[in-house]
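Student: here is the input, now give the coordinates:
(one chain, ligands or ions: 1)
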Amino acid sequence: MKLKTVRLPKSRRHQPMSARFAHNGHLNLSRLPHRLLIDGEWRDSVSGSTFETLNPATGETLARVAEGDREDINRAVAAARRAFERGPWRRLTPSERGRLLWKLADLLEEHTDQFAEIESLDNGKPRAVACVADVPLAVDLFRYMAGWATKIEGNTIPISVSGADFFAYTRREPVGVVGQIIPWNFPLLMAAWKLGPALATGCTVVLKPAEQTPLSALRLGELILKAGFPPGVVNIVTGYGETAGAALAQHPDVDKVAFTGSTEVGKLIARAATGNLKKVSLELGGKSPNIVLEDADTDTAIAGAANAVFFNHGQCCCAGSRLYVHKKKFDQVVDGVAAAAKKIKLGPGLSADTEMGPLVSEEQLERVMNYLDLGSREGARAIAGGHRKGNRGYFVEPTVLVNAKPGMKVMEEEIFGPVVCAIPFTDVEEVIPAANKNIYGLAAAVWTRDISKAHRIAHELKAGTVWINCYNVFDAALPFGGYKQSGWGREMGHDVLEMYTETKAVCARL
Ligand code: ADP
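Tutor: Numbers count the residues shown, from 1 in each chain. Got it, this is the predicted structure:
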């Protein structure tokens, strides 16, 4: 996942899309699904309302999709409950569940170009990046989880109660009906992170995509039906967070809610879940420290620091947005990151030479511009970027801020845009507490040639992921999630399966 122009493999560049979607070489958006997927059928919302999703490169309407609300959530949850309790899904063997997931992965892979184009149009990211990152990572996640379906095991347990013999064992059972609420920064990949473990463990799902980017989840819904998942196993309700999302988080017949998004909304979800004490997993914000030691390879650290914060336009919960550089290397590294920032080519995601697209929405543009304004009023100085680019679409220049001090809002709060604060430090003992002094603890990185020091620092950082001499390396097998206010639980890896299963102890007197 490197931040540079990604050329499509030759075989992909001219590959025709399926006839259904071919339209002057581009997607025919009117042919994409735009209704709610409930109980295996595409339905209008009960209210009949729709909302528009915009192209962030132009601000123009891309499509209108059904606006689901509480009543649609009720219907979707009822369908998921029926599918969980009575449907054929319950009777499928683990191997059959695994095969369905594998089939879904194959179908998704076959449609890589389509999904990359949908993501690019709806979210703004370069199509080429979606083609080599978002879509293949989603495919891989489904395959990884397909493998787990047959390996979710309990234990036999020795019992010490005297006077009788017992045989005791544990079973790992699916938690039940799961509500999943996802953000707009990696719309397809976040759907995969959520659906993969739920389906591997045998749960049923109501998925609520972000209102800014509903299109790829709906298209994925078509592939889910095509793969052969029984009706009601996956239901997709598009709509707004305050209405559809809140109804899902509160719903008394949902057994677990899994959320990825802002810490602010994560707290609302946790509160909403208390009604029936549904299980909760939260993958939330971050303000991740990226630490360059004196002995780091300078060029690698510069490229890595630029990738850490500018990948996906900085709209990553794990963005390396606090760059701590040893004072002896500070000017060299920070000037290098600034030079890299200035070279990044901004443009619409569908243009072949675009390296960074627009932010996802006008709201996000305003949020980032407010932080830039606040930063300069607080005394930070932009040595690259610092401005909006153009006045059409939601483009922001990749920005490097210096003179940022602890306590400033740009140093403490998640900006969720292409903005990094660079801070010099003098020794490791000073930088570790500084790095840890934040409400978040999602990710961190350290750049050094001293591998012992790297591991020692990794152990001391309060973060769910620590990268050493790399950044933004994601793998379906690597658990991802946060310390502190970055969340509860882990996504991916085998850790995530814990979040989707209940342990049942069975104890028999012999
Ligand atoms: P961001 O601030 O990055 O837009 P949010 O945390 O607001 O991210 O949104 C992430 C997801 O949470 C989206 O699907 C959104 O619709 C949903 N959401 C927003 N507010 C609520 C809420 N009050 N209850 C449930 N879901 C919500």
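
Student: find the nearest non-adjacent residue to the most centrally placed residue in the chain, please.
Tutor: Of all residues in the chain, the one closest to the mean position by CA atoms, centre = their mean is residue 190, 4.2 Å from it. In space, and not counting its chain neighbours, residue 190 is closest to residue 182: 4.1 Å by CB to CB, 6 or more residues apart in numbering. Where you see a C-beta, it was placed from the backbone N, CA and C, and this is true even at glycine.

Student: what values do phi and psi take at that neighbour?
Tutor: Main-chain torsions, residue 182, degrees, to the nearest 10: phi -120, psi 160.

Student: returning to what we had before: isn't there a helix covering the residue nearest to the centre of the chain?
Tutor: Yes: counting by DSSP: H, G, I helix; E, B strand; the rest coil, residue 190 is located in a helix.

Student: so who does it touch?
Tutor: 182, 183, 260 (CB atoms under 8 Å, 6 or more residues apart in numbering).

Student: what's the closest of those to the ligand?
Tutor: residue 183 (4.2 Å; CB to the nearest ligand atom).

Student: off-centre distance for stretch 442-453?
Tutor: Centroid separation between stretch 442-453 and its chain, computed with CA atoms, centre = their mean, to the nearest Å, is 24 Å.

Student: please disregard the earlier target; I meant stretch 164-180.
Tutor: Taking CA atoms, centre = their mean, the mean C-alpha location of stretch 164-180 is offset from the chain mean by 29 Å.

Student: same check, this time on stretch 29-41
Tutor: Using CA atoms, centre = their mean, the offset of stretch 29-41 from its chain centre is 23 Å.

Student: let me see the domain layout of the chain.
Tutor: 34-52+62-91+152-284+487-506, 289-475 (automatic domain parsing).

Student: of the ones you listed, which approaches the ligand most closely?
Tutor: Evaluated over these, closeness to the ligand peaks at domain 34-52+62-91+152-284+487-506, with 2.1 Å, by CB to the nearest ligand atom.

Student: and the closest one, how far out from the chain middle?
Tutor: Relative to the centre of its chain, domain 34-52+62-91+152-284+487-506 is centred 15 Å away, using CA atoms, centre = their mean.

Student: and it, end to end?
Tutor: 46 Å (CA to CA, to the nearest Å).

Student: any idea how many residues pack against residue 362?
Tutor: Using other CB atoms under 10 Å, residue 362 is surrounded by 14 other residues.

Student: cool, residue 162 as well?
Tutor: 5.

Student: so it is in which element?
Tutor: Residue 162 is part of no helix or strand, with elements assigned from DSSP states H and E.

Student: mind checking the SS state of the nearest residue in space to residue 336 that is not next to it in sequence?
Tutor: Spatial nearest neighbour of residue 336, excluding adjacent residues (CB to CB, 6+ apart): residue 302 at 3.5 Å. In three-state terms, and counting by three-state DSSP, residue 302 is helix.

Student: the residue nearest to residue 190 touches residue 210, doesn't it?
Tutor: Yes: Residue 182 sits in contact with residue 210 when judged by CB atoms under 8 Å, with a separation of 6.2 Å.

Student: so what does the helix or strand hosting residue 452 touch, helix or strand wise?
Tutor: Residue 452 is part of helix 451-460 when elements are defined by DSSP H and E. For helix 451-460, the packing partners by 3 or more CB pairs under 8 Å, 6 or more residues apart in numbering; DSSP states H and E come out as helix 428-436, strand 443-447, strand 465-468.

Student: buried set for it?
Tutor: Buried residues in helix 451-460, defined by neighbour count with 16 or more other CB atoms under 10 Å: 454, 457, 458, 460.

Student: and for the third one, nearest residue in space, chain neighbours not counted?
Tutor: This means residue 458. Nearest to residue 458 is residue 466, by CB to CB, 6+ apart, at 4.1 Å.

Student: how far away is the one you found from residue 222?
Tutor: Going from residue 466 to residue 222 by CB to CB, to the nearest Å gives 39 Å.
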